[in-house]
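S.K.: Just the structure for this:
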Amino acid sequence: MWKNYLKIAWRNITRSKGYAFINIAGLGIGMAASILILIWVQFELSVDRFHENSDRIYAIWRTTEIEGEPISWDYTPAPYAPTLKENFPEVEETARMTEWDPMIMAVGENKFSEQPTFTDPGFFEIFSFEIVEGDPVEALTAPDNIVLTESLAKKLFGETSALGKSVRVEDQLDFEVKAVIKDLPENTSFNFTAFLPFKKLEAMGWVDDFWGNNSMRTFTMLAKGSDIELFNEKYADFSKTYGGLDEEISDFLFPVKDLHLYSKFENGQSVGGKIELIRMFGIVSVIVLIIAGINFVNLSTAQSEKRSKEVGIRKISGAGKSMLIRQFLSESILIALFSYLLALLIISLSFPWFTNLIGQELINPFYQPYFWILSIVYILFIGVLAGSYPAFLMSSFNPTVIFKPKMGVKRSLGIKPREVLVVFQFAVVVGLISSVWIIRDQVLYVQNRDMGINEANLIFHQVTEPMRKNKLAMRNELSALPEVESVSYTFSPLTEIYSDTNMMDWQGKDPDYRPAMYRMGSDADLVKTAGMELIAGRDIDVFTYASDSMAAIINEKAAEIIGFVDPIGQVIKDDGMEFTVVGVVKDFIMESPFEEVKPIVVMGPKRNLNFIHIRLKTGQNMANSIASVEQVFAKFNTGYPFEYKFVDQVNEQKFQSQKRIASLTSLFSGLAVVISCMGLFGLATYIAERRKKEISVRKVMGATVSSLVALLSSEFSKLVLVSIIIGIPVSWYFMSGWLDTFDYRTNINWTVFLWTGGLTLLIALLTVSSQAIKAALVNPAKTLKSE
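M.R.: Numbering: from 1, shown residues only. Model prediction:
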């Protein structure tokens, strides 16, 4: 029986090749888009969920109030982890983890800049990473051991075993390789290539017991059967009880498996995060698939009049309703199968481009057995879902009505389901097109923001130990280069803030007022090198003013918070040190340009200066300038790679997330437009065919081609206008909410919707008019010769 169904289905598909092509192409594109998004969603949902004990692993989070607003963060002091494990029997294991700048790992002449972390042995008890050789837990119990990833071990030692061999770090510390693990998978939030014992930091005296120094992350694994809600209740006052801090801090554990998707906190509660983006594009991909399904439904129901006699004859011949439903569903499943084959072709061709677009190395699904099992379910699901309405509609036709003469039968004046579906399709198109415009406007608005820094021709490089020993000599040689305008050593790069506090003090400050203040450090010439605008006073310069090691310059935001009428000469206290304000600069932005300006205090070089910034002169050949600078680095940083970065390029990366959203939205908008227009083209073709005799009669009666085109196009134009009226307010509502997530945002310009509506109407008219013109130009004699 099913063989007969499929044979008849194949004949019906080949009989209407044009409609079949539209259905298969539309469904194929929709399927490909939804599958690609589902692959991405599956990857994002798997991040940090593969660990053996993932349901018991938690990150330490803390909440306090700053200026009356609850702020949550996930950094802790060094004593936090051991104190937690000692006082709570539910805590099975803890691990501290530092976030360090890249370090040079060397074996002989093999030197590489790698990303390390200092951590406790408990890290490998908590997290499940595949071991190649050795015991990583045992390795981290001694201060002079190291754990490498497999790729780093091969870079340093080739194909020979790395166990027992020595690695020199930063040209001053030697570590023995005690374990090698597989490279960390893509679906983890960690990105380290080397693991150093936390005991080494303690042995070097780099760890303090001050509970106000939040400089590392802490993870914990609870014992089996522990109730997280009960634990968080009795653990909430941990910092206050054991740290002796005056400020009100609330501690809580948050599941690591949820941290990647739900890392946005408000009022001490997770309110979302990346899950919002994934959910949004998951919904959009489903909507695109629905649009493709609407094409199938519309074209199938449009052809129902042609197939009504077939249904009548089958029913008269004894076919039951269930048999007809199975026949029509077999056709839709067969179309879904062909569409899926097209979707697989599209996925195979676009997969590398798609992974580059979303910035993730996704696993090709074609090599995973479960993908093919799910494919069968997917085809049946789409085929049945898209074909159900046409199947039940056509199988319900009454033979007596079908074969009854149609003379005098009036057309229904009510709303037709087909028209509702067309309106839905183009309302989605309107929403997506306007969203693309608004996202683009927001990105451009922020890109044009005054960052307070002249990013052009500005490079920076991490300070290595050899450079640290020759800082002054290296500065002098770089400054003497004709290609270099100025040089400044800093605590952090100008693209990122490394330190903040709410414990700064100054004269007249209310003890209960604890605003978040952000730290930076410099030795000299920062204003000139960074291209900042000096408003009052002068720059820090320890070479001209010896006392400037305890000087500070502040930005406008910091001056506003401190509240001095004249900040110059005022004293700011921080970590037991007193810094005298010598200058005020215009607000500058070091982190996300989408956020509000932060109050920044640039202090003299009492802190380690870990980066060097070099401003190159304009008008010079960039390659030659870089080559000259590299020669100086080769002299003072011998044997180390010259790994400089341009400030403007690093800042440009901060727009990648929003640009990715814009690109994905543009992609889905384009797909929605193409699929909707294909469906509209098919409907226009059908209606032109159905009304060809009416058109011929009108033409004989004197109607012009233009009036006939207007008549045929008006039916669809009205539907598109309704779509625009519905789509615009819906788009405005959702995009206003999206813009509200940014501190620095543009306003929605009403012209966006004007252009969107005009463009959508134009696309629809161009799609329909081609068939309308073709129908209007047909010779009436050919159409009416049988009458």
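
S.K.: Please count neighbours and contacts with C-alpha atoms only from this point.
M.R.: Will do.

S.K.: Now the closest residue to L616 other than its chain neighbours, what are its backbone angles?
M.R.: Leaving out its chain neighbours, the residue that sits closest to L616 by Cα to Cα, 6 or more residues apart in numbering is V484, at 4.5 Å. V484 has phi and psi values of phi -100, psi 130 when expressed as degrees, to the nearest 10.

S.K.: next one: F734
M.R.: According to degrees, to the nearest 10, F734 has phi -70, psi -40.

S.K.: Equivalent analysis for the one 5 residues further on, please.
M.R.: Summarising the backbone geometry of L739 under the convention degrees, to the nearest 10, its torsions are phi -60, psi -30.

S.K.: Just the CA trace of the helix or strand hosting K85, in CSV.
M.R.: Following DSSP states H and E, one finds K85 within helix 80-87. Extracted in CSV, the C-alpha atoms of helix 80-87 (Å, rounded to 0.1, in the frame of the first residue of the first chain):
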residue,chain,number,x,y,z
TYR,A,80,38.5,31.7,50.8
ALA,A,81,38.8,28.1,49.4
PRO,A,82,40.7,26.4,52.3
THR,A,83,38.4,28.2,54.9
LEU,A,84,35.3,27.0,53.0
LYS,A,85,36.5,23.4,52.9
GLU,A,86,37.6,23.4,56.5
ASN,A,87,34.2,24.7,57.9
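
S.K.: just use 15 as the starting number from now, easier for me
M.R.: New numbering, starting at 15: the last item is helix 94-101.

S.K.: got the buried residues for that helix?
M.R.: If you call a residue buried by 16 or more other Cα atoms under 10 Å, then helix 94-101 has these buried ones: Y94, A95, L98, K99.

S.K.: And stretch 715-724, by the same measure?
M.R.: Under the neighbour-count criterion of 16+ other Cα under 10 Å, stretch 715-724 has V719, L722, V723, A724 buried.

S.K.: Among the residues you listed, name the ones in helices.
M.R.: Those of these mapping onto helices are V719, L722, V723, A724, per DSSP state H.

S.K.: The residue nearest to the second one when sequence neighbours are not counted: what's it in contact with?
M.R.: To tie it back to what came earlier, the one meant is L722. Nearest non-adjacent residue to L722, counting by Cα to Cα, 6+ apart: A790, 6.0 Å away. By Cα atoms under 8 Å, 6 or more residues apart in numbering, the contact list for A790 reads I709, S710, K713, V719, L722, V723.

S.K.: what's the helix or strand for V596?
M.R.: In the assignment (DSSP H and E), V596 maps to strand 591-599.

S.K.: who does that strand touch, helix- and strand-wise?
M.R.: Secondary-structure packing of strand 591-599 (3 or more Cα pairs under 8 Å, 6 or more residues apart in numbering; DSSP states H and E): strand 548-551, strand 565-569, helix 570-576, strand 585-588.

S.K.: quick one on the thing from earlier: from the contact counts, what lies against the helix holding K99?
M.R.: The contact analysis (3+ Cα pairs under 8 Å, 6+ apart) places helix 94-101 against strand 105-111.

S.K.: Just after the strand it packs on, pick out the following helix or strand.
M.R.: Per DSSP H and E, the first helix or strand lying C-terminal to strand 105-111 is strand 117-121.

S.K.: any residues touching the helix or strand just after that following strand, and which ones?
M.R.: Of the helices and strands lying after strand 117-121 in sequence (DSSP H and E), the nearest is strand 124-128. For strand 124-128, contacts defined as Cα under 8 Å, 6+ apart pick out 116-120, 169-170, 206-208, 653-655.

S.K.: before we move on, what about stretch 508-527?
M.R.: So stretch 508-527 is contacted by 80-81, 505-506, 528-534, 544, 576, 585-589, 604-605, 661, 664-665 (Cα under 8 Å, 6+ apart).

S.K.: Look up how far P480 lies from the residue nearest the centre of the chain.
M.R.: In the chain, the residue lying closest to the centroid (Cα atoms, centre = their mean) is S671, at 4.8 Å. Noted for S671: a distance of 37 Å to P480, by Cα to Cα, to the nearest Å.

S.K.: what's the distance between the strand or helix carrying N370 and the middle of its chain?
M.R.: Using DSSP H and E, N370 sits in helix 335-372. Distance, stretch centre to chain centre, for helix 335-372: 28 Å (Cα atoms, centre = their mean, to the nearest Å).

S.K.: Sort out which residues of that helix are buried, please.
M.R.: For helix 335-372, burial by neighbour count (16+ other Cα under 10 Å) applies to 335, 337-358, 360-361, 365, 368-369, 372.

S.K.: Which is the succeeding secondary structure element to that helix?
M.R.: helix 383-409.

S.K.: on contacts alone, who are the packing partners of that following helix?
M.R.: helix 288-316, helix 318-330, helix 335-372.

S.K.: weakest of these in terms of mean pLDDT?
M.R.: The stretch with the lowest mean pLDDT among the helices and strands packed on helix 383-409 is helix 318-330, at a mean of 60.

S.K.: Who are the contact partners of E164?
M.R.: Shown in contact with E164 (Cα under 8 Å, 6+ apart): V146, V194, I195, K196, D197.

S.K.: what's the last one in contact with, if anything?
M.R.: With contact set as Cα under 8 Å, 6+ apart, D197 has these partners: T163, E164, S165, T207.

S.K.: that older thread, could you measure from the residue nearest to L630 over to S314?
M.R.: Taken as Cα to Cα, the span from V498 to S314 is 71 Å.

S.K.: Kindly report the same for F682.
M.R.: Distance from F682 to S314, by Cα to Cα: 25 Å.

S.K.: Likewise for I390?
M.R.: If you go by Cα to Cα, the gap between I390 and S314 works out to 23 Å.

S.K.: Pick out whichever of these two has more residues nearby.
M.R.: S314 (24 against 12; other Cα atoms under 10 Å).
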